[in-house]
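J.: Got a predicted structure here, sequence first:
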Amino acid sequence: MAILSSTFMRHFRLLKRLLQATLSIYLLIVLGFWLFQRSLIFKPQLPGEITPLTYGVPYQDLYMRNPDGLKLHAWWVPQADTPTAPVLLYCHGNAAELSALAEVASIFHSWGLSALLFDYRSYGQSEVGALTESALLADARTAYAFLQEQVGSENSILVWGHSLGSSVAANLVAVLSADKSIKRAPAGLIMEGAFSNMYDVGRYRYPWLLLFPFMLKDPFDTAGYLARSSTPKLFLHAERDAVIPLYLGEKAYAAASGSKQRIILSNIDHNDFPLVQEQYRARVMEFIERSVASAKGS
C-alpha cells in the first residue's frame, strides 16, 4: 500500500510540474502576443518597381507631409480628360505598398475614376515612423486633405479601404463626417474585405489564445466607426476569403448605419478582386454615381 502511495505521489508531482511548465509557457506566449502584437498587425513592405505606367496609365509621383513631419509617398492617377470625375482615396491593407497596387490603380483609371493611392508611414518609400492605429488615421487624414486641395470642392471624393485599410477608411469617414471645418465630407465609403474589430480577428486567428479586448493596443473598431457615420456604404467581400472570413464582414455590415449595400464576390480569396473586377464594375459604378449625385444634391 505504501509503495502504491509513493508511486502515486511521484506521478502526481511529475504531472504537477508538467502542468506548471505548460501554464508558464502558455502565459509567456500570451505575454509575447501582448508585447509584440503590432508586429503581427503591421507588415511594412519595401518599395517595388511596378507603377501604373506598367499598365499604360499615366500618373504623378508625389509626397505629402503628415502631422509628424514625415513624408508619405503617393500616386495621383487623374482622369486628364474628365477633370470633374469622381475621385477615390484608397487605403491599402497591412501588407501592401504602392507597387503592389499598380494594377488596382489601372482598374480605377479604366473605370473613369481619378484616384489617390498612398503608403502609410514606414511602408514603401514613405518615411519611417511608429505604426499604430492612430498613426494610420493621421496619414489617411493627410491624404484626404491633400486630395481636397488637389481637386477642389467641385469633385466628390469617396474612400475605398481594403482589409486593414477598410478599418482605417471607416475611421476616417466617421471623423470627417463629424468635422464641420472640412470643405466637404466623403460622398461614399467602399469597404473591401472588412472586419468588425481587431479583437474578433484575433479570436479567429488565434482561437487557443487567452485574449480579451482590453489587451489590444489598436482596437480597429470598424463596426463602431461604421455606426457613427451616415455616409453611403458599399461592402465587397470575397466569398472564399481566408484572411478575413465572410462572417466578420457580415458583422461589420450589420453595424453600419445609413444607406448600405453588399456584394459577395464569388469564388475568390482575399486579394483576388482584380481577377473579377469586370464582373462587378457596373454595380460598383452605380453606387459611386448615386453617392456622388446625392452628395452634390445635399
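T.: Here it is on my side, so go on. Predicted model, so just to flag it, every value in this text is computed and none were measured.

J.: and the residue minimising distance to the centre of the chain, what element?
T.: For the chain, residue 165 is the residue whose C-alpha lies nearest the centre (CA atoms, centre = their mean; 1.5 Å). According to DSSP states H and E, residue 165 maps onto helix 164-178.

J.: Contacts for that helix, please.
T.: With CB atoms under 8 Å, 6 or more residues apart in numbering as the test, helix 164-178 has contacts from 41, 89-94, 96, 133, 136-137, 140-141, 144, 159-161, 182, 185-186, 189-195, 198, 220-222, 225-226, 228-231, 252. C-beta: built from backbone N, CA, C; applies to glycine.

J.: With just CA atoms, put it into PDB.
T.: Extracted in PDB, the C-alpha atoms of helix 164-178 (Å, rounded to 0.1, in the frame of the first residue of the first chain):
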ATOM      1  CA  LEU A 164      -6.900  46.600 -42.600                       C
ATOM      2  CA  GLY A 165      -7.400  49.700 -44.700                       C
ATOM      3  CA  SER A 166     -11.200  49.200 -44.500                       C
ATOM      4  CA  SER A 167     -11.000  50.000 -40.800                       C
ATOM      5  CA  VAL A 168      -8.700  53.000 -41.500                       C
ATOM      6  CA  ALA A 169     -11.200  54.200 -44.100                       C
ATOM      7  CA  ALA A 170     -14.200  53.700 -41.900                       C
ATOM      8  CA  ASN A 171     -12.500  55.600 -39.100                       C
ATOM      9  CA  LEU A 172     -11.500  58.400 -41.400                       C
ATOM     10  CA  VAL A 173     -15.100  58.800 -42.800                       C
ATOM     11  CA  ALA A 174     -16.500  58.800 -39.300                       C
ATOM     12  CA  VAL A 175     -14.100  61.500 -38.200                       C
ATOM     13  CA  LEU A 176     -14.500  63.600 -41.300                       C
ATOM     14  CA  SER A 177     -18.300  63.300 -41.200                       C
ATOM     15  CA  ALA A 178     -18.200  64.900 -37.700                       C
END
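
J.: Tell me the buried residues in that helix?
T.: 164-177 (16 or more other CB atoms under 10 Å).

J.: got it, and stretch 127-144?
T.: For stretch 127-144, burial by neighbour count (16+ other CB under 10 Å) applies to 127, 129, 131, 133, 135-144.

J.: next one: stretch 94-106
T.: 94, 96, 97, 98, 99, 100, 101, 102, 103, 104, 105, 106.

J.: Repeat that for stretch 196-207.
T.: Buried positions in stretch 196-207, judged by neighbour count with 16+ other CB under 10 Å: 196, 197, 198, 199, 200, 201, 202.

J.: chain center to that stretch: distance?
T.: Centre-to-centre, stretch 196-207 and its host chain are 15 Å apart (CA atoms, centre = their mean, to the nearest Å).

J.: Need the residues that contact it.
T.: With contacts defined as CB under 8 Å, 6+ apart, stretch 196-207 is touched by 33, 41, 167, 195, 209, 211-213, 216, 218-224, 244-245, 248, 251-252, 255.

J.: Which of the buried residues of stretch 94-106 sits closest to residue 290?
T.: Nearest to residue 290 among the buried residues of stretch 94-106 is residue 104, at 22.2 Å by CB to CB.

J.: you'd agree the closest one is up against residue 93?
T.: No. At 11.0 Å, residue 104 does not count as touching residue 93 under the criterion of CB atoms under 8 Å.

J.: Can you spell out which residues form a bridge with the closest residue to residue 260 other than its chain neighbours?
T.: Excluding the flanking residues, the one nearest residue 260 by CB to CB, 6 or more residues apart in numbering is residue 233, at 4.3 Å. With DSSP bridges as the criterion, residue 233 is bridged to residue 189, residue 260.

J.: Thanks a lot, see you next time.
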